[in-house]
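In: pasting the structure only:
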């Protein structure tokens, strides 16, 4: 038989002014199971809490109900007090007779009756409360960062600087990502590589960072604090330990005309290559698809010229398993192309712009490579078709972005700013040239951003035309741009030498596959979803996984760096304790009743429900039931409401507790 | 200052199932803002509307509730990502079932009340209370509880006769 | 072709083919006969309403097309359509009535009959390129159009709007090129393949038509085409019939014969000038065809 | 034309008219964010006083009178370039259709266009003959529009080439077409259709 | 309305089932076949489990083949072998249950060999099994059947289904009638129906979807539903039952067939199916769905009923 203690708070006069607290205490005191009932001026004050503790000990109480303010206010306070007195904190409940009663009703009689009922309801509930031990999960204090662009690099450096080991995985042969491709950065026009490469070197030299380039995530198992990650390290065909990075192999490689993806395919590279001179690691990789040795079995020049003997044609892909406690996803973005898309695809291309077949119609990233001092043209703006300098250049914004007809309705956020930057770079490099920009809206919120855009117009003389372009076509060596200026209300035709399209930012290819491996959610465009748009913008709904950079949505560099540091801070918070403690309000499966229909699994937004096989002693499968991982469960209880046999139950909100409350009324 | 309480012939019993993050907090806000509303409502707190089983509504009616309110976070605001979306479907179906067996749906109210909508909480509770008050007591389930077994059959003249002979 | 008729279509010629575009009708029938494709003209078909009807009265336009589809339903096979405008209207009708319940009910009421919209509406190009297939088409060729440089002109309606005809890519179609290359001709890339010729204003504002058509002819000529191929009698009307007038107004000289696709394909499978109605063309094609040794 | 100041208020924005346009065209006017791509590609934009994007803008503001008073809608060639390229799936060609339809009964709409005359004759031809009768269409148009000599050059040449038929086949089921016309008229009278 | 219904194909169907059963048993493709066999009462059938090719000739299909045999694959599977594929004779309506059970991880397609039956209808539970099938004697569910020819089966006898007379959908008519009533009138109707219930749970026993090991309604901590056969508990039971089947029940109507008190149980299920079709365009039983209408959602779901 339970011995329940009930404590009615006056809250100064806040409650007692409208509720006859003594009468409530008296009435409730008569309820079966109530061993002690009293009222007090301020229950939350130290004397009030002491009264509570004393009563528990003296009266040998088994459960406690504090009738006072909202549990959102003081539930923690009283549960702590109860715990200090030696009871399990979850045997204490609060009855809200202030916010839900004394403050919202004026009639004393009515309020007193209601308060009595509210307290009575909580008395019935608390009888069914069970001892709930706090859940603890051990935390492996190593983290995985997926993606070696500026987001991944920043997150990795921050975590590593705090003394925790970081595994950084990058798909390409070098870290650096898109930022390494950029020429200058807005709004200050400082050289991208000048600020990026020192960070890349820091990563390479950091004792706490283990770098896997040319590698991908194969499998992710486990949960917060305890992930096992399988990484596929693709064969470089060059031994990283032996290679000195001298580069002789590259100078001797006979295959020299392979389009370099890093240079947006306008520059060429060899079959054994590093994508760009400042690559980290500075170890070449053999592109097996284009290598003569791999294609014909004859060549091997690189191997012959390699002094340290690092070239290894026999090297195999490797699978490496790493244990980590937290994961930062920083896979970044990819640019939309105007090419013809496969039939039935959600995203469509731009036939009216020639489906990408007009050679001098390029995208913004290609312009970056043309403008980059270390790029294929040495920083000269030259047309891909004939190498001439374009004197009339047209920039068109919102290509793919904000075009639901093409399948993308969002704004890509950075294009207005980088197009303004492009007009400046162009003006600096081609003094007698003229830049035109077709745009719909200029979106330049950000520190010094709008000033930057205005500068491109007022000082760098770019001509901005508010209106879109309907068609582009080649006529002789010119590209005819047919647009409109909606401010004037006329059609505009420009004979351009080159056209630069500000194409939309999309998530990396394969973002969805990675999300499925990680068990995180993503939107219809494959951008990863944060747990809460406003309050938890760097966390995934899946505990222990955090987001940084453009994989979550279009972002510029400062925003990406901020989010990466925020993600690192979240990881460090997790790593600040050896054991992860959490409220034991989680769902549990009663295996005897479960028939394995997995309705619970279907509705669980956190992927907390797993399938568990039950076998007899001989190892024969008896049945497959649901299992709720307490480390992952967030405690919403949707599973229980869905389970037809109620074989899964949410601790703290069991059917028994709820029905007891309903029946008390 | 204290106005005389209006007297009514009938004080309905209203049971509210609410989620802790939005509606419960909204009701708290109504309190801290000292808004006034009828004292008929009894609030049961759940972590999420996703936890609210239709059986609870049934149980509430059987237990003598004259009106039931289910309230949670606005779509997209769920603390648990999608609990309210699941609840929305579940209750869309359940209310159709109750309607079909003859429950007047005016007694069953669903609402989204956010933590910032103290005023809306007051409005929803007041509206439901007054609506149900006007409808009078919910007698259907109470009558069922009062009836003996085989109620339908007892009324046949043959059985009545048989009973009277016992 | 030794095989019996394996493909059967109901045929909706449209008004122009019974008047100004008689040669399109004639060459279509002859070509299909030669290719052993069955065509049965829909008895008592009505005008589809073309642009004027939907321009001012969508309900009428939908009703007329729905009526024609109902008539076509009585005949075996998909509906073969020659005119791009009729094609676009019939397809649009199927699409709009499939999407909107309100409009479907209104049209049902106007027709006082249940709608029969399931028949597949196909432009002749589709039948040649997809149903017959380019390989079989090429196999039927006995006089390849070698050396003939053709500018394929789609006009505006053949591929539009996006969500209705599934003939080919809306912005960069290649179906005409594929068909005519299959019979041995060369095609020229040019810029005005999809521009509108202004057919809607043939009657009311010929000035507009002259300007638009002039740009199209200019572009084809600049691309080095010998001739233009069309799949629409309205385009043909403007490009062929008005060509001399444009030459006069704009002081140029084009001399670009404008063929219907069935005429050129017909030529390649060995049909003669009579059966193709070549003498009905305003810009005389004979010198060109003789030069290319095709006549 | 002198431009009148636009007074904007809930009274002057005729939302009902816009709703009618939206119902007839099956497309949303509010979706347009005025990028101007329609006007950029329109082959007829140079002939219009309100380029296509502005027609939509005026609809967004409920100012249909300004559209219908002008000739823009009558210069639309129905080539559907605008609809095809609109990034927002605004079916502008259908909006143009709807506006032309609604201009029948609208006050202050431009009535004298040749295009309207041509359309009217075209539809009359269908009602009377079931099909187009190009020769008659052209002849009557020229007479009614007072351009007796228009395209005079073309006539004999076309006749010679067999392109203008003096006589043509009449449909056997002409009564059916008449019924369709009259049923639609009936529906409109009863307010069952716009 | 005593229009006869053509069931002449049933003899050909029977022959085809026998041949196929013999073939697959003999070839070892399956270890057992669940089907119908003649029962003692004139014209009636009963479920049978055939494990021997020689016994395949016992299998028949007649208008009295009313049972939904899907039950023998899950709840009542004691008699079927544990190993190997199981063959089963299924009507379109039964197949829907199997499809649903696959979606709920209770059955695996690979473990089954489905012998689909082209079906012109079966008899109502209220008539003698030897009665001829007519528009009057046909089971209510058959008047609304949309799966006369089961699809995606391993084997379907190659017979031409005769054209059916147009039958008025009995449930649709009854649902429409009830919907037109006032809530109080509906309450009175169901009160009378539920009052008849004796809580024999035959409906639960026969339902392929009531596969819980312990029914919510049998639990006493807490007691969610009163277990005694009194009006309050009866009403609660039937409401809970309908809710648990919503989005899952595809209308085999076995509950209604076995109900000794003739409570129109399938009416509730059909009503819920109708609502879910209208709300979420979901129909149970046509394809194996990972998620049912009540275990998924979209952010655009109807919420016109929510303030």
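Out: Looks like it arrived, so ask away. If you're wondering where the values come from, they're calculated on a predicted model, not measured in any experiment.

In: isn't residue D:63 up against residue D:13?
Out: Yes: between residue D:63 and residue D:13 there is a contact at 7.4 Å, judged by C-beta atoms under 8 Å. The C-beta positions use only the backbone N, C-alpha and C, and glycine is treated the same way.

In: now do the contacts for residue 191.
Out: In the absence of a named chain, this looks at chain A. A:183, A:184, A:185, A:373 (C-beta atoms under 8 Å, 6 or more residues apart in numbering or on different chains).

In: ok, of the residues you listed, which one's closest to residue A:594?
Out: Of all the contacts of residue A:191, the one with the least separation from residue A:594 (C-beta to C-beta) is residue A:185, at 55.8 Å.

In: what confidence value was assigned to the spatially closest residue to residue C:152 that is not a sequence neighbour?
Out: Using C-beta to C-beta, 6 or more residues apart in numbering or on different chains and skipping residues adjacent in sequence, the residue nearest residue C:152 is residue C:176, 3.7 Å away. Residue C:176 is assigned a pLDDT of 95 by the prediction.

In: and the contacts of the helix or strand residue C:176 falls within?
Out: Assigned by DSSP states H and E, residue C:176 belongs to helix C:175-182. Defining contact as C-beta under 8 Å, 6+ apart, one finds that helix C:175-182 is touched by C:125-126, C:128-129, C:134, C:137-138, C:141, C:145, C:150, C:152-154, C:167-168, C:187, C:229, C:231, C:261, C:264-265.

In: for residue A:353, see how far away the one residue in chain C that gets nearest to chain A is.
Out: As assessed by C-beta to the nearest C-beta, chain A sits closest to residue C:171 within chain C, at 2.2 Å. For residue C:171, the distance to residue A:353 (C-beta to C-beta, to the nearest Å) stands at 8 Å.

In: skipping its backbone neighbours, what lies nearest the residue nearest in space to the middle of chain E in space?
Out: Closest residue to the average C-alpha location of chain E: residue E:252 at 1.8 Å, with C-alpha atoms, centre = their mean. Distances taken as C-beta to C-beta, 6+ apart put residue E:68 closest to residue E:252, at 4.2 Å, once the chain neighbours are dropped.

In: what about the helices in the stretch 51-200 of chain C?
Out: Secondary structure of the stretch 51-200 of chain C (DSSP state H, counting those that start in this stretch): helices located at C:58-72, C:84-99, C:101-111, C:124-126, C:134-140, C:175-182.

In: and the spatially most central residue of chain B, how far is that from chain A?
Out: With distances taken as C-alpha atoms, centre = their mean, residue B:68 lies nearest the centre of chain B, 0.5 Å away. In this view, residue B:68 and chain A are 10 Å apart by C-beta to the nearest C-beta, to the nearest Å.

In: can you classify that residue as helix, strand or coil?
Out: State at residue B:68, reduced to three classes by DSSP: H, G, I helix; E, B strand; the rest coil: strand.

In: can you list the weak-confidence ranges in the stretch 401-550 of chain A?
Out: Of all residues in the stretch 401-550 of chain A, none has pLDDT under 70.

In: pLDDT at the one residue in the stretch 51-200 of chain E that gets nearest to chain D, what is it?
Out: Of all residues in the stretch 51-200 of chain E, the one sitting closest to chain D is residue E:176 (26.1 Å; C-beta to the nearest C-beta). Residue E:176 carries a pLDDT value of 94.

In: that one: what secondary structure?
Out: helix.

In: can you tell me how far it is from residue C:105?
Out: For residue E:176, the distance to residue C:105 (C-beta to C-beta) stands at 21 Å.

In: quick one, which of the two is more surrounded?
Out: Taking other C-beta atoms under 10 Å in any protein chain shown, residue E:176 and residue C:105 do not tie; residue C:105 has more neighbours (14 against 11).

In: got a pLDDT number for the more buried one?
Out: 90.

In: ok so, going back, chain C: which of the contacts of residue A:191 is nearest?
Out: residue A:183 (32.0 Å).

In: what pLDDT does the closest one get?
Out: pLDDT, residue A:183: 95.

In: ramachandran angles for it?
Out: Main-chain dihedrals, residue A:183, degrees, to the nearest 10: phi -90, psi -70.

In: test my guess that it contacts residue A:377.
Out: No: counting by C-beta under 8 Å, residue A:183 stays clear of residue A:377, with 11.0 Å between them.

In: please say which of residue C:171 and residue A:353 ends up with more neighbours.
Out: residue A:353 (24 against 21).

In: quick one: contacts of stretch C:122-130?
Out: Outside stretch C:122-130, the residues that touch it by C-beta under 8 Å, 6+ apart are C:7, C:9, C:28, C:37, C:78-82, C:84, C:87, C:131, C:137, C:158, C:165, C:167, C:175-176, C:178-179, C:231, C:261-262, C:265.

In: of those residues, just the buried ones, ChimeraX syntax please.
Out: Under the burial definition 16 or more other C-beta atoms under 10 Å in any protein chain shown, those of the contacts of stretch C:122-130 that qualify are selected in ChimeraX by:
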select /C:7,9,28,37,78,79,80,81,82,84,87,131,137,158,165,167,175,176,178,179,231,261,262,265
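
In: among the contacts of stretch C:122-130, which are in strands?
Out: C:7, C:9, C:37, C:78, C:79, C:80, C:81 (DSSP state E).

In: any chance of those residues in CSV, plus distance to residue C:19 and pLDDT?
Out: Putting those into CSV (distance: C-beta to C-beta, whole Å; pLDDT from 0 to 100) gives the following:
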residue, distance to residue C:19, pLDDT
C:7, 27, 85
C:9, 22, 93
C:37, 24, 92
C:78, 25, 91
C:79, 21, 93
C:80, 19, 94
C:81, 17, 94
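
In: residues in contact with the residue nearest to the centre of chain E?
Out: E:68, E:70, E:93, E:94, E:96, E:97, E:141, E:208.

In: kindly report the same for residue A:471.
Out: Residue A:471 neighbours (C-beta under 8 Å, 6+ apart): A:352, A:353, A:480, A:482, D:40, D:41.

In: wouldn't the last one be in contact with residue D:82 here?
Out: Yes: using C-beta under 8 Å, residue D:41 makes contact with residue D:82 at a distance of 6.6 Å.

In: next, count neighbours for the nearest residue to residue B:117 once chain neighbours are set aside.
Out: Of all residues not flanking residue B:117 in the chain, residue B:26 sits nearest, at 4.9 Å (C-beta to C-beta, 6+ apart). Per other C-beta under 10 Å, the neighbour tally for residue B:26 reads 27.

In: for chain E, see how far away residue B:26 is.
Out: Using C-beta to the nearest C-beta, residue B:26 is found at 13 Å from chain E.

In: wait, is residue E:46 part of a strand?
Out: Yes: checked against three-state DSSP, residue E:46 lies within a strand.

In: show me what from the stretch 201-307 of chain E comes close to chain B.
Out: Residues of the stretch 201-307 of chain E found near chain B (C-beta under 8 Å from any C-beta of the partner chain) are E:216, E:224-225, E:228-232, E:235-236, E:238-240, E:242-243, E:246-247, E:268, E:271-272, E:275-276, E:279-280, E:293-299, E:301-303, E:305-307.

In: may I see the PyMOL selection of the buried members of those?
Out: Listed next is the PyMOL selection for buried residues among these, using 16+ other C-beta under 10 Å:
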select buried, chain E and resi 216+224+225+229+230+231+232+235+236+238+239+240+242+243+246+247+268+271+272+275+276+279+280+293+294+295+296+297+301+303+306
